[in-house]
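Asks: Need coordinates for the following:
(2 chains, ligands or ions: 1)
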Amino acid sequence: MQDIYIYNNTFKGLLCLIYELLQKKIKPYNIKGLDYTPNLFDNLIKLNLKYDGDIIQKFIEEFGNYNFKIIYYVYLSLNAKKEIIIYYYLKNYYNYYRNLPYMRNLKCVDEALKISKKVSAECHKFKGFTRFKKLKNNVYYAEINPDNDILELLSIHFKRRLKNEFWLINDVNRKIISMYNKKDFEIIPSGNWQFKLETSEEENIFLEMWQQFYETVSIKERENLACRRNFMPKKYWKYIEEVKKEL
Amino acid sequence: MFDFSFLLSYNIYGEVNMDIKEKLEILTDGAKYDASCSSSGSNRSGKFGSTNRSGICHSFTKDGRCISLLKILLTNCCIFDCKYCINRKSNNIKRAIFSPEEICYITINFYKRNYIEGLFLSSGIIKSPDYTMNFLIQTIELLRKKYHFSGYIHAKAIPGASPSLIKRLGSLVDRMSANIELPTQESLKLLAPNKNNENIHKIMNYVKNNRGKNFVPAGQSTQMIIGATKETDYDIMKKSSSMYENYNLKRVFYSAYISVNKDNLLPTLKIPPLKREHRLYEADWLLRYYNFRVEDLLDSENPNFNILVDPKASWALKHLDNFPKEVNVCSYEELLRIPGIGVTSAKRIIKYRRHFKLTFKDLKNMGVVLKRAQYFITCDNKFYINSTYLNKSFIEANLVIDNDIKALPYGEQLQLF
Ligand code: SF4
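Replies: Purely as a prediction, here's the structure:
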């Protein structure tokens, strides 16, 4: 049988579980979320976890800021093996300590660094690709479809950038929405939420101007659609106003 | 309100009351040949907006270039007659002029919808350089002071404007640039008789000496047109290198010449020399980040780049006796000279090899392009391919075949080797 440890689908829950496994020197076959469908050989184990205090603070103290950031970004990724990668990454900390991020010949280190890079790269892209529409009630509303769970990171960016506007960013892939009230943002499931998506009257004026700018600023003699696709993958076009009509 | 009445005496067919959308079209069309669209190097934040140190691309045009800034002209009216320019006085085209409020209106609304990272404002010259400069300053002042805009602003400095105006403009923007346009004074005289090299150098010098947190924090850049005049790549690179040295430029942009005007002083090119432009960008990178000097790459006998092989690989082929390098021991400088190893992977190699002996697999993981590097390296004293093949003609042939120029655009995101 293979021991699959189950956590409650939250980052804190995962940290508590890994903390327990490392403390008790238990080697899991895999770590999975609640929605995992087991196969014949799996032995699902749910530990009764309790951690008094701030588990996040504990991890930062134990493993350092840099390593913490790496595992957090890995957690936000879409990668199917992310939990076990995080586990092995942290486990190896006790072999290499401060040198851990340099041990790129270890698969878990190499994978973790690659995945976290991917997540931050996608977040960076969406700092550009996110498109807001102004609604009738003066709220700016955007829909995005990133592969990874970048909504929190992205919200930190827009909190600084559009700090004096109300805005909403809807991650349609994950069905979660970030709501900003000119002070702070909060991320909640968008499931049952009914939005009144009436765009403001001036919206079309700017959209048209933007589309016209987009067409005009391109130089015909240099056209290179492959290059464009390379930098702006088609999978993102659905919510990017100036290109979605080309889909 | 800005007084436009002078336009009437300028025989300019502009219409002040034109629809804003039409203006935007005309004044974007006149600005699009400027290559720069970078929004990096500044860290500003305030009531409304912020900048991002590494720059952000918001969209990509059909030509594969990054859109980061709203790139527009204040006006495409111009008293000058530069031969290569679409906006030159002698062209019979539709003219338009924005008012400062109109520019703010578009910028702010585009910014709030996250279409753009900020504004790139350039202009034709109306009345006089100082007059135009004042107009630019007034616009940007409005944006910064009345609307508290803290996004990125890149402004063109108008050659010939007085230093006090350069100073004022520079204190409002993140980046300022003055285009050198052509690599030699001789060509400039021929194609841009109203311009003079010295005025442009004056601006660059002024910016260099005054740059700081509150004056052009993101530095200055310039642009050269490639293929409109007879200069060689060697001439162009020498010019770039001297400008980097003398004025601390952030970037020199190269813009393949596109025939927009008919003139017997101009070449008639059907297709812009994009591959040549690409080679120049690669070489530019080698100068700035790879410790190459122009003389390593070109000389008066070979004054132009090889279109088939990139400049770094060309250099390596000429110096095969320097290779192979053992990646586990050679220096950072030596790593940088190996085709297929870029700045990032060279830094990683240095960082990681202190902790373990690198294998080819590790190199691959670190982003080394083995397809190119394999001829020039050993890893733990082993070759990646059968070393008996390693002779110049074999390597050259392979590199040429693998040399698929992916037609990288010339914005923020150019990553090479
Ligand atoms: S000064 Fe020369 S390059 Fe600039 S807008 Fe006028 S004609 Fe064009």
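
Asks: For the residue in the stretch 151-300 of chain B that the ligand sits nearest to, grab the count of nearby residues.
Replies: Here the stretch 151-300 of chain B gets closest to the ligand at one residue, residue B:192, 5.9 Å apart by CB to the nearest ligand atom. All C-beta atoms are positioned from the backbone trio N, CA, C, and that covers glycine. Neighbour count of residue B:192, defined by other CB atoms under 10 Å in any protein chain shown: 22.

Asks: Also residue B:251?
Replies: By other CB under 10 Å, neighbour count at residue B:251 equals 23.

Asks: excluding its backbone neighbours, what's nearest it?
Replies: Distances taken as CB to CB, 6 or more residues apart in numbering or on different chains place residue B:221 nearest to residue B:251, at 4.1 Å, with adjacent residues excluded.

Asks: Could you do residue B:155 as well?
Replies: residue B:173 (4.6 Å).

Asks: check contacts around the one you found.
Replies: Residue B:173 sits next to B:140, B:153-155, B:216 when contact means CB atoms under 8 Å, 6 or more residues apart in numbering or on different chains.

Asks: Which of those residues sits closest to residue B:311?
Replies: Using CB to CB, residue B:154 comes nearest to residue B:311 of the contacts of residue B:173, at 28.3 Å.

Asks: Can you classify residue B:285 by secondary structure?
Replies: helix (DSSP: H, G, I helix; E, B strand; the rest coil).

Asks: and what of the one 10 residues further on?
Replies: Local secondary structure at residue B:295 is given as helix here, using three-state DSSP.

Asks: what about it, how many neighbours?
Replies: Residue B:295 - counted by other CB under 10 Å - has 11 other residues nearby.

Asks: in what helix or strand does residue A:88 lie?
Replies: Take DSSP states H and E as the rule and residue A:88 turns out to sit in helix A:82-96.

Asks: picking that back up, distance check, the residue nearest to residue B:155 against residue A:156.
Replies: Look at residue B:173 and residue A:156: by CB to CB, to the nearest Å, they are 26 Å apart.

Asks: what does residue A:105 give?
Replies: According to CB to CB, residue A:105 stands 33 Å off from residue A:156.

Asks: Look up which helix or strand the residue of chain A found nearest chain B falls in, please.
Replies: Nearest to chain B in chain A, going by CB to the nearest CB, is residue A:227, at a distance of 3.0 Å. Residue A:227 is part of helix A:225-231, with elements assigned from DSSP H and E.

Asks: Mean confidence (pLDDT) on that helix, please.
Replies: Averaging pLDDT along helix A:225-231 gives 92.

Asks: helices or strands next to it in the packing?
Replies: strand B:59-60 (3 or more CB pairs under 8 Å, 6 or more residues apart in numbering or on different chains; DSSP states H and E).

Asks: so how far is the strand it packs on off the chain centroid?
Replies: Strand B:59-60 sits 17 Å away from the centroid of its parent chain (CA atoms, centre = their mean, to the nearest Å).

Asks: which residues touch that strand?
Replies: Outside strand B:59-60, the residues that touch it by CB under 8 Å, 6+ apart are A:128-129, A:214, A:227-228, A:231-232, A:240, A:242-243, B:66-67, B:115, B:409.

Asks: between the residues you listed, which is nearest the ligand?
Replies: Distances from the ligand to the contacts of strand B:59-60, taken by CB to the nearest ligand atom, are shortest for residue B:67, at 21.4 Å.

Asks: With adjacent residues omitted, what lies nearest to that closest one?
Replies: residue B:59 (4.3 Å).

Asks: so how many other residues sit close to that neighbour?
Replies: Neighbours of residue B:59 using other CB under 10 Å come to 24.

Asks: how far out from the middle of the chain is stretch B:85-98?
Replies: The answer for stretch B:85-98 is 24 Å, by CA atoms, centre = their mean.

Asks: typo on my end, stretch A:205-219
Replies: 30 Å.

Asks: With stretch B:250-263 instead?
Replies: Distance of stretch B:250-263 from the chain centroid (CA atoms, centre = their mean) equals 11 Å.

Asks: As PDB, could you dump the C-alpha coordinates of it?
Replies: What follows is stretch B:250-263, C-alpha atoms only, in PDB (Å, rounded to 0.1, in the frame of the first residue of the first chain):
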ATOM      1  CA  LYS B 250      20.200  53.100 -21.100                       C
ATOM      2  CA  ARG B 251      19.400  51.900 -24.600                       C
ATOM      3  CA  VAL B 252      20.200  52.500 -28.200                       C
ATOM      4  CA  PHE B 253      17.300  51.400 -30.300                       C
ATOM      5  CA  TYR B 254      17.800  50.400 -33.900                       C
ATOM      6  CA  SER B 255      14.900  50.900 -36.300                       C
ATOM      7  CA  ALA B 256      15.000  49.200 -39.700                       C
ATOM      8  CA  TYR B 257      14.300  51.800 -42.300                       C
ATOM      9  CA  ILE B 258      10.800  51.700 -43.800                       C
ATOM     10  CA  SER B 259      10.200  53.700 -46.900                       C
ATOM     11  CA  VAL B 260       7.300  56.000 -46.200                       C
ATOM     12  CA  ASN B 261       8.400  58.800 -48.500                       C
ATOM     13  CA  LYS B 262       9.700  59.000 -52.100                       C
ATOM     14  CA  ASP B 263      12.800  60.900 -52.400                       C
END
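
Asks: hmm, back to that, in the helix holding residue A:227, which residues are buried?
Replies: Residues of helix A:225-231 classed as buried: A:227-228, A:230-231 (neighbour count, 16 or more other CB atoms under 10 Å in any protein chain shown).

Asks: quick one, strands of chain A?
Replies: A:2-6, A:30-32, A:42-45, A:132-134, A:140-144, A:167-171, A:176-180, A:185-189 (DSSP state E).

Asks: What is the neighbour count of the nearest residue to residue B:113 once chain neighbours are set aside?
Replies: Distances taken as CB to CB, 6+ apart put residue A:132 closest to residue B:113, at 4.7 Å, once the chain neighbours are dropped. Neighbour count of residue A:132, defined by other CB under 10 Å: 23.

Asks: How about residue B:148?
Replies: 13.

Asks: Contacts only, for residue B:343.
Replies: With contact taken as CB under 8 Å, 6+ apart, residue B:343 is in contact with B:289-290, B:336.

Asks: quick one: which of the residues you listed is nearest residue B:128?
Replies: Nearest to residue B:128 out of the contacts of residue B:343 is residue B:289 (CB to CB; 40.2 Å).

Asks: What's the per-residue pLDDT of that closest one here?
Replies: If you check residue B:289, the pLDDT there is 94.

Asks: how is the chain carved up into domains?
Replies: As the question left the chain open, I've gone with chain A. Domain assignment for chain A by automatic domain parsing gives A:2-121, A:130-200, A:201-247.

Asks: you looked at the wrong chain, it should be chain B
Replies: If you go by automatic domain parsing, chain B breaks into B:5-297, B:311-407.
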